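Peer 1: Next comes the sequence, and after it the predicted model I'd like to discuss.
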Amino acid sequence: MGKQELVSVIIPAYNLEKYIERSLKSVLEQTYENIEIIVVNDGSKDKTAQVAEKILKNAGKPYKIINQENQGVSIARNVGLSVAQGKYIKFLDGDDTLFPWTIEELVRVMEENNCEMIFGGQDLANLSGKIMYRHDETYRYHEGIHKSVEVLKSFLLHETHISLNAALFLKEVIDNYSIKFTPGAKYSEDNEFICKYLYYSRNVGVLNKAVANCLFRPSSATKTPTLGAFHNVGAMLRLKRFFEKQNEKEIVEIIRTQSIPDAYVWTIGSLAFNGYPLSKWLRLVKIDSIRRNIVTCKVHNKDTRFGKQMNFVIKLFRFSPLLVYILLRSSSKLFGRVNR
C-alpha cells in the first residue's frame, strides 16, 4: 500500500468496563499499523477509563484517554474529532469489534478509488460470538464505487444501511464542512451525521461483506424503553430542514414520505420490543400522526430476512396494534434467552 496514512480510531465509552477490552484489542490487532486510538470516557461510573489505560499504556500505539462529565455520545464523538490527527476517521462503539483486516481493507479501497467514504456491513453477534443477524440478512450492499447522492437516497430509503462501526471517513470533509454530531441526540445522531457527510461527498465505496461485529447487549442504554426513542424522529426532522435549506427537493420528499415514517416504525417497535408499558404504548399508537406514519411506511428491503419481518409487523399493525405489541415483546424475551 506504500506509505500508511494515519487513521484516528474514536471510541466513545460509558460504563463499558466489561466490554471495552475486547473492542480495544480488536483495534490493536489491526494489520494496518499507523493508527491512533482516542477513547472518550463519557462520565463512566465504573472502571472503563482504568481498563482502557491498562490495555493501551504498553500497546505501542499513540493514544489519548479523555475523561469528561457525562454529556452523551454525540458530544463524546465531537470531542474525539476535535483532537484527532489522522487523515482518516474510524468510529467504533466501545462494546463492538473490528476484524483484524478491517482498517487496512477500508483504507486500501478509499485510496485506490479516490473515495471520500467507504462502508461495509456489520454482523450482529452475542458475547459468545454467535451471529444472530448477518449483514446481508438485514440490508443489501451493492459492492462497487457509487455516486454519493445515490448512496444517500438508498440510505434514506432504508434499502441499505451505513453503520459508523463499518465506515471510514475522510477528516478533511468533516473539517471543511464543520460536520458534527447533534449534542443531546440519543438516537439516530449517527444517521444524521452520515447523511450530511454523504451530501458533501462525491464518491463512496461499498463492500458487500461484514467489516465489524455489533454486540447484542440487552443491558445497553439503547435497549431502555423511554420516550427518548423519539429522538429517531427528531433526527429525520432535522435532516428534512437541512435539505430544505439546500433546496434538495427530491431528498426532502424521500425523507418526508419514507425516512420519517420509518423512524416512527423504529421508535414504536423498539418501545414495544424493549418493554414500554402496554397501556402507555397503546395510547401512543392512537395518536393520529404516529399511527398515520406507521401505516404508510413502505419497506424497501423486503427481500432480506429482516425486511420481511418488518413488512409483516407493519401489516399486522394495520390490523391490530395489540397483536404487534404481544409479538414484539414475546420476540424480545425469546431473542434474549436464545442469544445469551
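Peer 2: Received the coordinates, thanks.

Peer 1: Give me the nearest residue to the residue nearest the centre of the chain, chain neighbours excluded.
Peer 2: By Cα atoms, centre = their mean, the chain has its centre lying nearest to S163, at 4.0 Å. Computed as Cβ to Cβ, 6 or more residues apart in numbering, the closest residue to S163 that is not its neighbour in sequence is Q122, at 5.0 Å. No exception for glycine: its C-beta is placed from N, CA and C like everyone else's.

Peer 1: State whether the one you found is indeed within a strand.
Peer 2: Yes. With DSSP: H, G, I helix; E, B strand; the rest coil as the criterion, Q122 is located in a strand.

Peer 1: so how many other residues sit close to it?
Peer 2: Residue crowding around Q122 was assessed by other Cβ atoms under 10 Å; the count is 25.

Peer 1: which SS class is the spatially closest residue to N203 that is not a sequence neighbour?
Peer 2: The shortest distance from N203 to any residue other than its chain neighbours is 4.8 Å, reached at C115 (Cβ to Cβ, 6+ apart). Secondary structure, three-state DSSP: C115 is coil.

Peer 1: Correct me if wrong: C115 contacts V107.
Peer 2: No. With contact defined as Cβ atoms under 8 Å, C115 does not reach V107; the gap is 10.4 Å.

Peer 1: Keeping just the C-alphas, turn the helix or strand I37 falls within into PDB.
Peer 2: I37 belongs to strand 35-42 when elements are defined using DSSP states H and E. Written as PDB, here are the backbone C-alpha positions of strand 35-42 (Å, rounded to 0.1, in the frame of the first residue of the first chain):
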ATOM      1  CA  ILE A  35      -3.300   4.300  13.900                       C
ATOM      2  CA  GLU A  36      -4.000   6.400  16.900                       C
ATOM      3  CA  ILE A  37      -6.600   5.500  19.500                       C
ATOM      4  CA  ILE A  38      -8.900   8.100  21.100                       C
ATOM      5  CA  VAL A  39     -11.100   6.900  24.000                       C
ATOM      6  CA  VAL A  40     -13.600   9.400  25.200                       C
ATOM      7  CA  ASN A  41     -14.700   8.300  28.700                       C
ATOM      8  CA  ASP A  42     -18.200  10.000  28.900                       C
END
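
Peer 1: Can you tell me the strand partners of it and which way each runs?
Peer 2: strand 7-13 (parallel), strand 63-68 (parallel) (DSSP bridges).

Peer 1: And for the residue nearest to A84 when sequence neighbours are not counted, the neighbour number?
Peer 2: Leaving out its chain neighbours, the residue that sits closest to A84 by Cβ to Cβ, 6+ apart is S8, at 3.6 Å. Neighbourhood size, S8 [other Cβ under 10 Å]: 23.

Peer 1: What's the mean pLDDT across the strand holding I37?
Peer 2: For strand 35-42, mean pLDDT rounds to 97.

Peer 1: Same question for stretch 260-279.
Peer 2: 95.

Peer 1: And stretch 182-190, by the same measure?
Peer 2: On average, stretch 182-190 scores 93.

Peer 1: With only the CA atoms kept, save that stretch in CSV.
Peer 2: Below are the C-alpha coordinates for stretch 182-190, written out as CSV (Å, rounded to 0.1, in the frame of the first residue of the first chain):
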residue,chain,number,x,y,z
THR,A,182,-26.0,16.9,17.3
PRO,A,183,-25.5,17.4,21.1
GLY,A,184,-28.1,15.7,23.2
ALA,A,185,-29.4,13.4,20.5
LYS,A,186,-29.7,9.9,21.8
TYR,A,187,-30.8,8.0,18.7
SER,A,188,-30.1,8.4,15.0
GLU,A,189,-27.4,11.0,15.7
ASP,A,190,-25.1,8.7,13.6
